[in-house]
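Colleague: pasting the sequence and the predicted model now:
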Amino acid sequence: MEQAFTEIIKTVLKKHFGEQSEEVFENSQLLQYLNQKTKSANRGAKARGSFANLYAIYVLVEDYLANNFQNRKGEYADYEGALYTKLLQRQRELPFGNKLQNHALNNRMTAEFQKFFPTSEHIPILRNLETNKYWINEKLLFHKELNLSKAIIEIILLAPNIDARLFEIVSYAILKYFYHDQQIIWGFEMDKLNTEKLKLYKTGRTNANDGGIDFVMKPLGRFFQVTETLDVKKYFLDIDKTERYPITFVIKSEKTAQELLDKLKTNAIEWYSVKAIVEKYMACIEEIINIPILITRYQAAIKQGYLNEILSEIIKQSKIEFNYEDEETEE
């Protein structure tokens, strides 16, 4: 079944598996399950289904990767398993997971999987009730010789965070740690130069309609604005309110950066009759960052060892944005 979030799943798979990505998507029951569970992911918070079952998969695959079983072929069968209490604690550390109960880990996720795939030979979560230990079914993590675990983690990380506010939060967390170790050398005198790491600041609440800029980078002074619209008037308004200071736009779109620029320019020419004005506005767009670029930068940050920091930042910003401690989580 093709739905809006399918494009994002396929983008992640293509980055991991290249020309084999379509075959992987079509033949993996676990990926097909994720596709079913994320069909409402980008319709906004009120329309999204429960992601408790995705969290159950996430924490088990995360444990699998933490123990490096993706590179230890055949050894997972001898693994003593992940302790239930640690898995539940980890679930509750994830965005919107602070009040999750044991249902998804114990039975709900497996029951739903079997509903989608009644003839499947495998169940996704294995458990030993005597020891309270859990495993992900490793057979579902493979397509032929390809291990899907890292791709599954990326897909689930993005899935609950794709509505407008959460897209901004996830974008901030990824970009913060993508730039985290990059340095510039600057100064007012050649013999008194400073070496400083780039630091990204989030300037306010998401969707606050406060006329502000979403992120600011120090010491370069770069401005970032997050959006999911291609309404050219909105872009030019953002440029106007900073007196045509260059802005990087982070856009919730699968289209290439060039396609987005071309679309904005076409719309601008239709709206504004003077091409010289359009060119001045377009020149203020410093960079376009789309979903595929965000995923690439996420992967780069992960390679630098910042997965936990990214997740912690998402949790922190989610608590601020959604009054986290006061809300009930629907399972």
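Modeller: Nice, I can see it.
Colleague: drop to CA atoms for contacts and neighbour counts, all remaining ones
Modeller: OK.
Colleague: and Val226, backbone torsions?
Modeller: Reported as degrees, to the nearest 10, the phi and psi values for Val226 are phi -100, psi 140.
Colleague: so the closest residue in space to it that isn't next to it in sequence, which of the three states?
Modeller: Distances taken as CA to CA, 6 or more residues apart in numbering place Val250 nearest to Val226, at 4.6 Å, with adjacent residues excluded. On the three-state scheme (DSSP: H, G, I helix; E, B strand; the rest coil), Val250 is labelled strand.
Colleague: with the one 10 residues further on instead?
Modeller: Classification of Leu260 into helix, strand or coil gives helix, according to three-state DSSP.
Colleague: and Ile174, how far from Pro124?
Modeller: To Pro124, Ile174 is 29 Å away according to CA to CA, to the nearest Å.
Colleague: more crowded one of these two?
Modeller: Between Ile174 and Pro124, counted using other CA atoms under 10 Å, Ile174 has the larger neighbour count: 27 against 20.
Colleague: in terms of helices and strands, where is the closest residue to Tyr298 other than its chain neighbours?
Modeller: Leaving out its chain neighbours, the residue that sits closest to Tyr298 by CA to CA, 6+ apart is Ile174, at 5.4 Å. Assigned by DSSP states H and E, Ile174 belongs to helix 164-179.
Colleague: mind listing what the helix or strand just after that helix pairs with, with the direction of each?
Modeller: Next in sequence after helix 164-179, counting helices and strands by DSSP H and E, comes strand 183-186. Note on strand 183-186: by DSSP bridges, its sheet partners are strand 194-197 (antiparallel).
Colleague: average pLDDT for the strand it pairs with?
Modeller: The pLDDT scores in strand 194-197 average 93.
Colleague: just give me how far it sits from the chain centre.
Modeller: What separates the centre of strand 194-197 from the centre of its chain is 29 Å, taken as CA atoms, centre = their mean, to the nearest Å.
Colleague: contacts for that strand, please.
Modeller: Strand 194-197 has contacts (CA atoms under 8 Å, 6 or more residues apart in numbering) with 180-187, 219.
Colleague: which member of those is positioned nearest Lys316?
Modeller: His180 (17.4 Å; CA to CA).
Colleague: number of residues surrounding the closest one?
Modeller: 16.
Colleague: so how far is Lys252 from it?
Modeller: For His180 relative to Lys252 (CA to CA), the value is 22 Å.
Colleague: before we move on, what about Phe236?
Modeller: In terms of CA to CA, Phe236 sits 18 Å off from Lys252.
Colleague: more neighbours: which of those two?
Modeller: Taking neighbours as other CA under 10 Å, Phe236 and Lys252 compare with Lys252 leading, 23 against 18.
Colleague: all good on my end, thank you.
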